[in-house]
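> Below: sequence and its predicted model.
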Amino acid sequence: MKNCEYQQIDPRTLVVSPSSAQKHTEKEAERPRRKWEVFPGKNRFFCGGRIMLARQSGVLPLTLGLIVFTCGLFFGFDCSFLVEHLTVFIPMIAAVLFLFVVISLLWTSFTDPGILPRATPDEAADIEKQINTSGSSTYRPPPRTKEILINQQVVKLKYCFTCKMFRPPRTSHCSLCDNCVERFDHHCPWVGNCVGKRNYRFFYSFIISLSFLTSFIFGCVITHITLRSQICKSLVQAIQESPASVVELVVCFFSIWSILGLSGFHTYLVASNLTTNEDIKGSWSSKRGADESGNPYSHSNIITNCCATLCGPMPPSLIDRRGFVPPDEAIPAASASEIELPLFTAKNDAHMEENCQDVALSCTA
Amino acid sequence: MATEFHNLQELRHSASLANKVFIQRDYSEGTTCKFQTKFPSELESRIERTLFEDTVKTLNNYYAEAEKIGGQSYLEGCLACATAYLIFLCMETRYEKVLKKIGKYIQEQNEKIYAPRGLLITDPIERGMRVIEISIYEDRGSSGSSSGSSSVSGSTAR
């Protein structure tokens, strides 16, 4: 009896304590893992990898809170007066704008901005080989750059030491998210995500619609207070009757300056097919005297630039969050021990696991 | 078709990976997706130049079609904006449709042309659209000389 009990308990205790990694790897090997679970960048994933955010969500809750709070006050306190004295379209327009703003904000925050997956070890080795054969080995090599011609203009591509590849043109590495992002614009703390190739149109819709919303609410609240003070014959009494309006006025007043300015700036960027990153660094302005516009990506006219940036085709996400990590059966037994540790420290040793993944990929591709 | 597929499976089981060649992106026309058509020296003994160039050119054409800025993409963009981009949740974009076509094309090329020569193309989307990865396989039974194995695989293809 005691032997039976001992045998029943023993396998579990043996598996849990000494080689708990063994049991976990067996279990992990049985359950195929999705690629978002082993993603090396500093991002957070929700809903099984469908939604992603930067690791620091920044002030996204504040942004959302301010918008919802101000609009809530508007619908609660101002709309009844305005519907009575003006028209019912006012809350309808405000509601449509509000929905558009919130949806654009959520799209901007939760969409993959255009993250480039890191180079596989084979790729990285191939690039290293090409760099080493072209340079001299007697002295310390210079920083790794490659010059290419884009539309007859020389552009320097930099080597990214984290992602182990030459960054494509207009790509930049975001240190907050630890990812290379295509057509990197900037990392927006208000939105809690990078703004890049895939979510720039959502970001632009967000700031434009927010400009309209804040201007509209500002105008409506001013109208409300004016009408009320005409009825009461006293501005102070009007404000006392509707104190929420003052709160809205303050919020809108301070927001309008920054949001309208930002909208104007980004409209200029869209029209000249520039990114905030390029504009701040002055990548093309120095060449303005020499040839045409200096920007090799700009199309012939403003309309084409706008359409290309905002209405162009929606590129796919390159990081394949919901895809499955290739199974480990294809890996020879010798390297099986190497992958036990990375399964616990997925973020730090993802590189080693990528190595094994790549072997698996090459065998099962 | 059955014999080619058999070749592909046989390739995976009986061949070992010898080398990988990476076809890099060609940025001469901007950031649109286009791959270099320069024939890599490692493939010289394995496949005819014209076949390789045809494959890369067809892939480039597919990508150009996906990224074309024209009437249909504007319509898609404006419709998406009007619906607050919620249409992206229900509809498959044109780019995704073309990517599926590309996947089928690559599989067909692998089965018909590349696997009988001991080569395998990896879809660029699996490598972040940075490179076209071509894996070069050697027969496990060979004594390590690539010419021997290529003649064996070549004779089975022909």
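Sure, I can see it. From a predicted model like this one, the values you see are computed outputs, not experimental measurements.
> Give me every residue in the stretch 101-250 of chain A lying close to chain B.
Applying C-beta under 8 Å from any C-beta of the partner chain, one finds that the stretch 101-250 of chain A approaches chain B through A:103-104, A:107, A:116-117, A:119-120, A:122-123, A:126, A:148-151, A:155, A:165, A:168-170, A:182-183, A:201-202, A:205. (Each C-beta comes from the backbone N, C-alpha and C, glycine too.)
> Now the one residue in chain B that gets nearest to chain A: which helix or strand?
Chain B approaches chain A most closely through residue B:77 (2.9 Å), counting by C-beta to the nearest C-beta. If you go by DSSP states H and E, residue B:77 is part of helix B:71-82.
> Which strands or helices does the following helix or strand past that helix pack on?
Downstream of helix B:71-82, the first helix or strand assigned by DSSP H and E is helix B:87-90. Identification of packing neighbours for helix B:87-90 by 3 or more C-beta pairs under 8 Å, 6 or more residues apart in numbering or on different chains; DSSP states H and E yields helix B:71-82.
> buried ones in the helix it packs on?
By 16 or more other C-beta atoms under 10 Å in any protein chain shown, the buried positions in helix B:71-82 come out as B:73-74, B:76-77, B:80-81.
> which outside residues touch that helix?
Here helix B:71-82 makes contact (C-beta atoms under 8 Å, 6 or more residues apart in numbering or on different chains) with A:201, A:205, A:307, A:310-314, B:87-88, B:93-94.
> Swap in 7 Å and give it another go.
Helix B:71-82 is contacted from outside by A:205, A:307, A:310-313, B:87-88, B:93-94, using C-beta atoms under 7 Å, 6 or more residues apart in numbering or on different chains.
> So which residues on chain B come close to chain A?
B:12, B:17, B:20, B:22, B:25, B:27-31, B:66-67, B:69, B:73-74, B:77-78, B:81, B:84-86, B:88, B:93-96, B:99, B:120, B:122, B:127-131, B:135 (C-beta under 7 Å from any C-beta of the partner chain).
> okay, now residue A:168: neighbour count?
For residue A:168, the number of neighbouring residues by other C-beta atoms under 10 Å in any protein chain shown comes to 19.
> can you pull the pLDDT of it?
With respect to pLDDT, residue A:168 scores 91.
> Over to residue B:87?
On the pLDDT scale, residue B:87 is placed at 88.
> OK, contacts around it?
Residue B:87 makes contact with B:79-80, according to C-beta under 7 Å, 6+ apart.
> And the strands in chain A, which stretches?
Remark: strands assigned in chain A by DSSP state E are A:43-46, A:51-54, A:115-116, A:145-150, A:153-160, A:165-166, A:172-174, A:179-181, A:186-188, A:193-195.
> As a check, name the ranges of all helices in chain B.
Using DSSP state H, the helices assigned to chain B run over residues B:2-14, B:49-66, B:71-82, B:87-90, B:94-109, B:146-157.
> related to what we said a few turns ago, can you redo the strands of chain A as CSV with distance to residue B:42 and mean neighbour count?
CSV is the format used below for these (distance: least, C-beta to C-beta, whole Å; neighbours: other C-beta atoms under 10 Å in any protein chain shown):
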stretch, distance to residue B:42, mean neighbour count
strand A:43-46, 36, 16
strand A:51-54, 38, 20
strand A:115-116, 25, 25
strand A:145-150, 21, 13
strand A:153-160, 23, 15
strand A:165-166, 20, 23
strand A:172-174, 30, 21
strand A:179-181, 27, 28
strand A:186-188, 40, 22
strand A:193-195, 37, 28
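> so which of the ones you listed gets nearest residue A:66?
For residue A:66, the closest of these is strand A:186-188, at 15.0 Å, according to C-beta to C-beta.
> strands paired with that closest one, and their directions?
Its sheet considered, strand A:186-188 pairs with strand A:193-195 (antiparallel) by DSSP bridges.
> What mean pLDDT does stretch A:323-339 get?
51.
> Indicate the residue of the stretch 201-350 of chain A located nearest to chain B.
Across the stretch 201-350 of chain A, the shortest distance to chain B (C-beta to the nearest C-beta) belongs to residue A:311, at 2.9 Å.
> Against residue A:182, how distant is that residue?
18 Å (C-beta to C-beta, to the nearest Å).
> what about stretch A:234-248, how long is it end to end?
Terminal residues of stretch A:234-248 lie 20 Å apart, using C-alpha to C-alpha, to the nearest Å.
> got the contact list for it?
So stretch A:234-248 is contacted by A:70, A:73-74, A:77-78, A:217, A:221, A:224-225, A:228-229, A:232 (C-beta under 7 Å, 6+ apart).
> buried stuff in that stretch?
Residues A:238-239, A:241-242, A:245, A:248 are the ones in stretch A:234-248 that count as buried (16+ other C-beta under 10 Å).
> could these go into TSV alongside pLDDT and distance to residue A:53?
Compiled in TSV, these are given as follows (pLDDT from 0 to 100; distance: C-beta to C-beta, whole Å):
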residue	pLDDT	distance to residue A:53
A:238	82	43
A:239	84	40
A:241	83	42
A:242	84	37
A:245	88	34
A:248	90	29
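> Need the pLDDT of residue A:364.
Residue A:364 carries a pLDDT score of 50 in this model.
> low-confidence ranges in the stretch 51-200 of chain A?
A:133-143 (pLDDT under 70).
> Tell me how far residue B:101 lies from residue A:46.
In this view, residue B:101 and residue A:46 are 32 Å apart by C-beta to C-beta.
> ugh, typo on my part, it should be residue A:33
Residue A:33 is 16 Å from residue A:46, by C-beta to C-beta.
> Could you give me the PyMOL syntax to select whichever of the residues of the stretch 101-250 of chain A next to chain B are buried?
A single PyMOL command suffices to select whichever of those are buried according to 16+ other C-beta under 10 Å:
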select buried, chain A and resi 103+104+107+116+117+119+120+122+123+126+148+150+155+165+168+169+170+182+183+201+202+205
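> Looking at the residues of the stretch 101-250 of chain A next to chain B, which are in helices?
Judged by DSSP H, helices contain the following of those: A:103-104, A:107, A:122-123, A:126, A:201-202, A:205.
> just how off-centre is the helix holding residue B:77 within its chain?
29 Å (C-alpha atoms, centre = their mean, to the nearest Å).
> Give me the average confidence score over it.
On average, helix B:71-82 scores 87.
> With stretch B:130-141 instead?
Here the average pLDDT along stretch B:130-141 is 82.
> low pLDDT regions in chain B?
When residues are selected by pLDDT under 70, those of chain B lie in B:1-14, B:139-158.
> Can you give me the neighbour number for residue A:68?
The tally of other residues near residue A:68 (other C-beta under 10 Å) stands at 13.
> same deal with the one 3 residues further on?
Residue A:71 has 20 neighbours, counted by other C-beta under 10 Å.
> just residue A:31 next, same as before
A count of nearby residues for residue A:31, using other C-beta under 10 Å, gives 6.
> So what's the residue count around residue A:152?
Counted by other C-beta under 10 Å, the residues lying close to residue A:152 total 8.
> got it, and residue A:220?
By other C-beta under 10 Å, 23 other residues sit near residue A:220.
> Out of the residues of chain B next to chain A, which end up buried?
B:12, B:17, B:20, B:22, B:25, B:27, B:31, B:66-67, B:69, B:73-74, B:77, B:81, B:84-85, B:88, B:93-95, B:99, B:120, B:122, B:127-131, B:135.
> Quick one: distance of stretch A:238-257 to the chain centre.
Its chain's C-alpha centre and that of stretch A:238-257 lie 32 Å apart, by C-alpha atoms, centre = their mean.
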